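Undergrad: Structure for the following, please:
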Amino acid sequence: MTSEDIRSRFLKFFESRGHKLVPSASLVPENDPSVLFTTAGMQQFKPYYTGAKNPEADFNSKNVTTVQKCVRTGDIDEVGDDTHLTFFEMLGNFSFGGYWKKEAIAYAHEFITKELGLAIDYVSIFKDDESGIPADEESREIWKSIDSNLTVTEHKKEDNFWGPTGDEGPCGPTTEIYINGVEIWNIVFNEYYKTKEGQYTPLETKGIDTGMGLERLLVQAGAGVNNVYETDLFDPVLEILKKLSLGGEYHEQNARIVADHVRTSIMLVSDGVLPSNKDQGYILRRLIRRALVRIRPLAGSFAHEAVHASASPTGLEIEPAGSRSVFHEIIEGFFEIYKNTAYLNENKKHIKEVIFDEEIKFRKGLENGFKEIDKGTIDPFILWTTHGFPIELTMEIAKPKGIHIDLEDFNRKISEHQKLSQTASAGMFKGGLANHEPATVELHTAHHLLLAALQEIVGPSVKQRGSNITEERLRMDFVCDHKLTDEEKQKVEAWVNDKIAQGLNVVRREMPLAEAEKIGAEMEFGAKYPETVSVYFIEDKDGNHISKEFCGGPHVSNTSELGHFKILKEEAVSAGVRRIKAVLG
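TA: Sure thing, here's the model as predicted:
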């Protein structure tokens, strides 16, 4: 049974039972800044469990089903074993007041035993504990009514209670299905809302949220398949790695890690993530570089003697391929595997450019880092922050030299470094690091108009990825798949100047985060926002919004104060990201 077979069977099974098919959401949650990635199928449906949105209005049904792309990195050090992955697909069926435990359990039992013909090993249910939430005896009775011989085990909150995603949200006790000792399907009974203070309050509408890992299910349903890497989602790429390996020096676990990390990187870039030193971009950069460390000599990029002298046999020895990236054939392999899904956008060129560009940057960093190592200096924090050395590579180099690396000290410094970056970002959002000089304030407002103009002229896919504003000029980095034409730049300038000439009001309003997200206010990519946010609106005399953005300000009160807007330069920053510098005169 193939991955495509199981996806199709699952969706058809629930569609025939009154569920609306909903496509996978992006790996970057659009309206959930509490988490970096989509980690579960229910994330896009959180507003329907809380009553903030009406499922019948949006889906014409209280019941939906999906195959959701997910990324989890909490167990990244376990990747390479038989079950752990960073990217995976989650099969799920969801109900927002449409049905409850009896139907959810019956559906699961029928799909596993009849549709797939698999035998359930045992199931687990929630056992009451110190949280005060009662034991789930109802689920036990339902399972026993279906199969009186079925073994039912009990577990406390750490095993049989799910959620929420982030600091607060819908959650509830679970019942889980095990086959051959492996958890296959987790059925969550969303009946509580956990607050940030840790209180569990009953939801007005009870909901069903299920998740079943496609890759793990494939192991059980596929003949002769013993682990997730032997499935059709990985096997073709592992065969490519075997063919590329030199002299039979093929290391299975590292090949698995390379395959996992490259697959996840492809999916993240496809959903708009770019390598950086914070949030989603940091995770992407780490995945690419972890994979590169395990492929050596990186098509000749590790020519430095220090690598070969200190390296233990943990890396795959990949045959040099000239100037071509060592990931070239691996990426091609994954595009072939996922050609019948909607997961990868059509811009294969962009995905390759982003990953290859990061590879080149890493090679340069390694070269400079090894110069420092040759001087007898091995400071893991400096090697990481300045040259991009993953801690794994630093430890590997230090070991044969008899140098001890203090991991606790390294992690503490990294944590402090990241907190400092986050504090700076938060301060800019609140306006407390902001420059209040009149010229800067004017350019700040022009910056909002520029983003709105780009989305109007170039397209709604344009998203801000960074900015810098001084008294002299504004600078904006934004996602765009092409160099702006002279005509596009002229239209953007004309659009902004037209809005300046109209004398539009600039209004600041404070509102709940959920409301700001609901109205579609622009937000900084990957930023964390408080429960109450400040949103700046640029609006016409009838109250129509020309621009609406999360922002701490300050701004002018009317666009007529801005003068004439002029683009000085438009250029590439990295693959898929452009930069505009502009002034007011």
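Undergrad: use CA for all of it now, contacts and neighbours both
TA: Will do.
Undergrad: if I look at residue 499, how far off is residue 66?
TA: With the distance defined as C-alpha to C-alpha, to the nearest Å, residue 499 ends up 42 Å from residue 66.
Undergrad: no no, residue 117
TA: Separation of residue 117 from residue 66 (C-alpha to C-alpha): 22 Å.
Undergrad: Those two: who's more crowded?
TA: Between residue 117 and residue 66, residue 66 has the larger neighbour count (other C-alpha atoms under 10 Å), namely 25 against 11.
Undergrad: who's the more buried one bridged to?
TA: Beta-bridge pairing of residue 66 under DSSP bridges involves residue 92.
Undergrad: can you pull the contacts of it?
TA: Residue 66 makes contacts with 11, 21, 22, 23, 24, 41, 90, 91, 92, 93, as judged by C-alpha atoms under 8 Å, 6 or more residues apart in numbering.
Undergrad: Could you give the number of residues near the second one?
TA: Look at residue 21: counted by other C-alpha under 10 Å, it has 17 neighbours.
Undergrad: and what of the third one?
TA: Residue 22 is surrounded by 13 other residues when neighbours are defined as other C-alpha under 10 Å.
Undergrad: so what's the nearest residue to it once chain neighbours are set aside scoring on pLDDT?
TA: Leaving aside its chain neighbours, residue 22 sits nearest to residue 66 (5.4 Å; criterion: C-alpha to C-alpha, 6 or more residues apart in numbering). At residue 66, the model reports a pLDDT of 97.
Undergrad: do you know how far residue 433 is from residue 533?
TA: Distance, residue 433 to residue 533, using C-alpha to C-alpha: 17 Å.
Undergrad: what about the two, which has more around it?
TA: Neighbours were counted for residue 433 and for residue 533 using other C-alpha under 10 Å; residue 533 has more, 19 against 13.
Undergrad: Mind telling me what element that one is part of?
TA: In the assignment (DSSP states H and E), residue 533 maps to strand 532-539.
Undergrad: Check the offset of that strand from the chain's centre.
TA: Here strand 532-539 is found 26 Å from its chain centre; the criterion is C-alpha atoms, centre = their mean, to the nearest Å.
Undergrad: Same check on stretch 22-42?
TA: Worked out by C-alpha atoms, centre = their mean, stretch 22-42 lies 7 Å from the chain centre.
Undergrad: who's in contact with residue 328?
TA: For residue 328, the contact set (C-alpha under 8 Å, 6+ apart) comprises residue 352.
Undergrad: What ranges in this structure fall below the confidence cut-off?
TA: Residue ranges of the chain with pLDDT under 70: 246-249, 296-324, 345, 377, 386, 417-432, 434-436, 525-527, 575.
Undergrad: in the longest helix anywhere in it, what's buried?
TA: Counting by DSSP state H, the longest helix found in the chain is helix 348-374. Buried residues in helix 348-374, counted by 16 or more other C-alpha atoms under 10 Å: 350-352, 354-359, 362-363, 365-366, 369-370, 372-373.
Undergrad: re the thing from before, among the contacts of residue 66, who's most crowded?
TA: Most crowded among those, counting by other C-alpha under 10 Å, is residue 93 at 28 neighbours.
Undergrad: Touching, it and residue 65? I think so.
TA: Yes: Residue 93 is within contact range of residue 65, at 4.3 Å (criterion: C-alpha atoms under 8 Å).
Undergrad: Can you pull the residues that touch both of these two?
TA: 14, 19.
Undergrad: Over to residue 433. Which of the three states is it?
TA: The three-state label given to residue 433 by DSSP: H, G, I helix; E, B strand; the rest coil is coil.
Undergrad: how much space is there between it and residue 339?
TA: Shown here: residue 433 relative to residue 339, a distance of 47 Å by C-alpha to C-alpha.
Undergrad: What about the nearest residue to residue 194 once chain neighbours are set aside, how many residues nearby?
TA: Once flanking residues are discounted, residue 194 sits nearest to residue 200: 4.6 Å by C-alpha to C-alpha, 6+ apart. Neighbourhood size, residue 200 [other C-alpha under 10 Å]: 20.
Undergrad: which residues does residue 200 contact?
TA: Listed by C-alpha under 8 Å, 6+ apart, the contact partners of residue 200 are 192, 193, 194.
Undergrad: Go through those and flag which are in strands.
TA: If you go by DSSP state E, these have 192, 193, 194 in strands.
Undergrad: Identify, from these, the entry nearest to residue 389.
TA: Nearest to residue 389, judged by C-alpha to C-alpha, of the ones in strands among the contacts of residue 200 is residue 194 at 39.4 Å.
Undergrad: wait, what's in contact with the closest one?
TA: Neighbouring residues of residue 194 by C-alpha under 8 Å, 6+ apart: 164, 168, 169, 170, 171, 200, 201.
Undergrad: Alpha carbons of the helix or strand hosting residue 186, in PDB - could you do that?
TA: Element membership of residue 186 [criterion: DSSP H and E] is strand 182-194. Output in PDB follows, covering the C-alpha atoms of strand 182-194 (Å, rounded to 0.1, in the frame of the first residue of the first chain):
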ATOM      1  CA  VAL A 182       3.400   1.900  18.200                       C
ATOM      2  CA  GLU A 183       0.900   4.700  18.700                       C
ATOM      3  CA  ILE A 184      -0.900   5.200  15.400                       C
ATOM      4  CA  TRP A 185      -4.000   7.300  16.000                       C
ATOM      5  CA  ASN A 186      -4.700   9.900  18.700                       C
ATOM      6  CA  ILE A 187      -8.300  10.900  19.200                       C
ATOM      7  CA  VAL A 188      -8.700  14.100  21.200                       C
ATOM      8  CA  PHE A 189     -11.900  15.000  22.900                       C
ATOM      9  CA  ASN A 190     -11.700  18.800  22.900                       C
ATOM     10  CA  GLU A 191     -13.900  19.800  25.800                       C
ATOM     11  CA  TYR A 192     -11.700  22.300  27.700                       C
ATOM     12  CA  TYR A 193     -10.000  25.600  27.100                       C
ATOM     13  CA  LYS A 194      -6.700  26.000  28.900                       C
END
